[in-house]
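Asker: sharing a sequence plus its predicted fold:
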Amino acid sequence: MSSTQGSIETQEAIERFADALRQRIGADRFRLWFTHGIEFDVEYSDDDGDVLVLLVSGPFAADRITKNFTTELRAAAMTALGDRGRFRLEVQQATEQPSLIDGESTPAKKRRRGQKADAQKTDSPPKSSKGRAASKASGRSTQRRGRGKSASAGKLSSLLSESKLTRSEDEFDDEEDDVESRSSRGSRGSRGSHGARSEAHSSGTSPLPESLPTSGRTLDSFITGPCNDFAFSAATMAMSTPEIATPLFLHGPTGTGKSHLLAAIAEEFRRRRRMRRVIVLTAEQFTNDFVGSVNSTGLVSFRRKYREVDALLIDDVHFLASKTATLREALYTLETLAAAGKPLVFTANLPPADIRGLTGEVAGRMASGLVCPLLALDAETRLKLLTRLVKTRCVLDCDEGLLSEVSEAVSGDARAVTGVANLIGMLQRMFRREPSIDEIRQFGGDLMRNIRSAPSLRSIEKAVCEAFGLENDGLRGKAQTRRVSEPRTLAMYLARQHTGSAFTEIAKHFGRRSHTGAIAAQQKVEEWLASGKFIGGGDAAMATADAIARVEARLRA
């Protein structure tokens with residue numbers, strides 16, 4: 001083999017290695033562990049075989065990679081470099097760190113690398129004196145190729161940016177056993193700029209923002225009504241006496257004002273309570289910050305950031321569901337802050353006990369203070385909100401009768417009401433006059449319709465299965481145990497209440513032979529409600545009224 005090689009061969013070897021490793025560990029884990037804060041290079045040798053060198057940013061990441069991926073790294077190195085190919089793990093900016101050649105530790109040495117001469121490393125095991133003499137006699141030497149500024153080796157994220165590896169990669173939302181990452185699909189508003197790719201960075205990149213912006217979201221601008229009076233009163237109490245109503249948990253479907261109240265509480269903590277360290281962020285940001293800390297400097301700075309605060313407010317905590325490592329860290333953080341008497345506020349689309357994948361300890365801690373529902377905006381609240389928005393966003397006044405008619409036609413989502421107000425303002429500018437109801441319907445037909453479609457038989461079945469912890473399609477079988485038969489009866493009752501399906505169609509969907517089963521289900525559930533009967537089996541058993549409330553909350557969410 002020639003003693004010198006161009007950077008193209010090095011790049012091709014790294015791409016083969018990355019492709020083989022990604023196929024073995026999965027695209028999500030590969031992106032999480034091997035595209036940020038890690039550099040790759042190849043050492044070519046005629047005597048001992050070529051070595052794929054991985055330079056990581058810190059000892060914590062090196063330890064986790066060593067523990068979790070040794071076998072996969074060895075196999076990927078052999079795929080990329082041949083049967084004699086090996087890999088070596090090196091740690092940058094460490095006083096002394098064991099390295100790994102195919103999983104075996106060796107003594108540390110200084111790396112001989114142009115611009116990173118002071119980085120610590122561990123070389124391959126020393127050759128025997130006989131091997132060194134033979135190498136010297138033949139003029140062969142082991143050296144690195146493509147390490148200079150013009151070489152292709154370096155951070156894999158930049159190397160793969162123009163490679164076929166990233167162009168074909170799909171987005172995933174899975175979880176590593178110890179750390180999780182998340183794609184930023186469907187992020188709302190300003191949160192979309194803090195997706196998983198931009199937040200799970202190494203320590204050399206910009207940190208997460210201290211908090212979400214709260215400007216404009218105050219208690220004065222929050223419209224109250226029968227749908228949210230209880231939650232608003234709880235928020236007011238949490239601001240006046242935080243130690244009584246903490247943790248405060250706000251839940252409800254989208255567009256009911258949860259994020260608005262959260263931002264208003266944070267603003268009041270800062271302005272009225274004079275709290276200097278108030279953190280308000282989404283559960284997605286919390287997760288990505290945790291992942292970024294694990295990948296770089298460890299958890300010390302992360303824990304200092306979130307446990308040495310005056311108040312912690314987290315939006316959309318249902319995103320934490322089934323993320324084992326993040327939930328464990330969140331639990332310890334909540335326990336620490338609760339013990340110190342710090343205010344805690346959370347929001348989600350469901351109450352803590354109904355969020356599947358949220359551990360019992362976390363759900364219990366979040367529900368230990370005050371749990372408050374926010375319902376879809378009722379007609380009175382929609383009209384008040386639309387009237388205020390028209391006054392602040394439109395150039396002309398609108399007739400109260402027109403606004404009342406428009407608010408009746410809009411669903412209970414505050415975002416839809418805001419969209420209608422913007423539409424009215426635009427039509428005023430177009431026509432230089434107040435638009436008619438027909439013109440509003442013509443240009444805003446989608447907003448004027450009820451955006452929440454009626455539940456289907458399948459959605460009711462799914463919601464009942466989730467509420468009682470049953471498998472999907474578990475209600476369609478022939479099982480007659482209480483654990484299955486009573487939830488099935490409840491599902492047929494709710495199907496009749498919330499859909500236009502006939503008894504025959506309902507009975508057929510749930511595997512019953514005759515429509516009489518659906519008719520009997522309606523009568524049974526009415527009797528259960530009157531007597532307060534508990535239905536279901538085991539730990540999932542609950543009062544009939546509570547079961548209906550849980551299922552309907554899932555349907556709204």
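Answerer: Sure thing, it's come through. Values in this document were obtained by computation on a predicted structure and should not be read as measured data. Numbers count the residues shown, from 1 in each chain.
Asker: buried set for stretch 474-486?
Answerer: Residues 474-475, 483-486 are the ones in stretch 474-486 that count as buried (16 or more other CB atoms under 10 Å). For every residue, glycine as well, the C-beta is placed using N, CA and C.
Asker: now the strands for the stretch 451-557 of the chain?
Answerer: Ranges of strands within the stretch 451-557 of the chain are 534-535, 542-543, based on DSSP state E, counting those that start in this stretch.
Asker: so which of these comes closest to Ile506?
Answerer: strand 534-535 (18.2 Å; CB to CB).
Asker: residue ranges with poor pLDDT in the stretch 301-450 of the chain?
Answerer: Within the stretch 301-450 of the chain, the stretches falling below the threshold (pLDDT under 70) are 445-450.
Asker: need the helices for it, in chain order.
Answerer: If you assign secondary structure with DSSP state H, counting those that start in this stretch, the helices in the stretch 301-450 of the chain sit at 324-339, 360-366, 379-393, 400-409, 414-431, 437-443, 445-448.
Asker: ditto for the stretch 451-557 of the chain
Answerer: Assignment of helices within the stretch 451-557 of the chain using DSSP H, counting those that start in this stretch yields the ranges 457-468, 482-498, 503-509, 516-531, 544-556.
Asker: just the CA atoms of the first one, as PDB, please.
Answerer: It stands for helix 457-468. Presented in PDB, the C-alpha positions along helix 457-468 are these (Å, rounded to 0.1, in the frame of the first residue of the first chain):
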ATOM      1  CA  LEU A 457     -66.500   4.600  16.000                       C
ATOM      2  CA  ARG A 458     -62.800   3.900  15.700                       C
ATOM      3  CA  SER A 459     -61.700   6.900  17.600                       C
ATOM      4  CA  ILE A 460     -64.200   6.100  20.500                       C
ATOM      5  CA  GLU A 461     -62.900   2.600  20.600                       C
ATOM      6  CA  LYS A 462     -59.300   3.800  20.800                       C
ATOM      7  CA  ALA A 463     -60.100   6.300  23.500                       C
ATOM      8  CA  VAL A 464     -61.900   3.700  25.600                       C
ATOM      9  CA  CYS A 465     -59.000   1.200  25.200                       C
ATOM     10  CA  GLU A 466     -56.500   3.900  26.300                       C
ATOM     11  CA  ALA A 467     -58.600   4.900  29.300                       C
ATOM     12  CA  PHE A 468     -58.800   1.300  30.500                       C
END
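Asker: helices or strands up against it?
Answerer: Other helices and strands packing on helix 457-468, by 3 or more CB pairs under 8 Å, 6 or more residues apart in numbering; DSSP states H and E, are helix 482-498, helix 503-509, helix 544-556.
Asker: ok, 7 Å please
Answerer: Under the contact criterion of 3 or more CB pairs under 7 Å, 6 or more residues apart in numbering; DSSP states H and E, the helices and strands touching helix 457-468 comprise helix 482-498, helix 544-556.
Asker: next, the buried residues of it.
Answerer: Neighbour-count burial for helix 457-468 flags 457, 459-468 (criterion: 16+ other CB under 10 Å).
Asker: same check, this time on stretch 534-548
Answerer: For stretch 534-548, the buried set under the neighbour-count rule, 16+ other CB under 10 Å, comprises 535-537, 542, 544, 547-548.
Asker: show me the one of the strands of the stretch 451-557 of the chain that comes nearest Arg356.
Answerer: strand 542-543 (15.1 Å).
Asker: what packs against the biggest helix by length in the chain?
Answerer: Criterion DSSP state H: the longest helix present in the chain is helix 59-81. The helices and strands touching helix 59-81, judged by 3+ CB pairs under 7 Å, 6+ apart, are helix 7-25, strand 51-56, strand 86-91.
Asker: sheet-wise, list the partners of the last one with their directions.
Answerer: Translated: strand 86-91. According to DSSP bridges, strand 86-91 has the following sheet partners: strand 51-56 (parallel), strand 100-101 (antiparallel).
Asker: count of residues packed around Glu400?
Answerer: Counted by other CB atoms under 10 Å, the residues lying close to Glu400 total 10.
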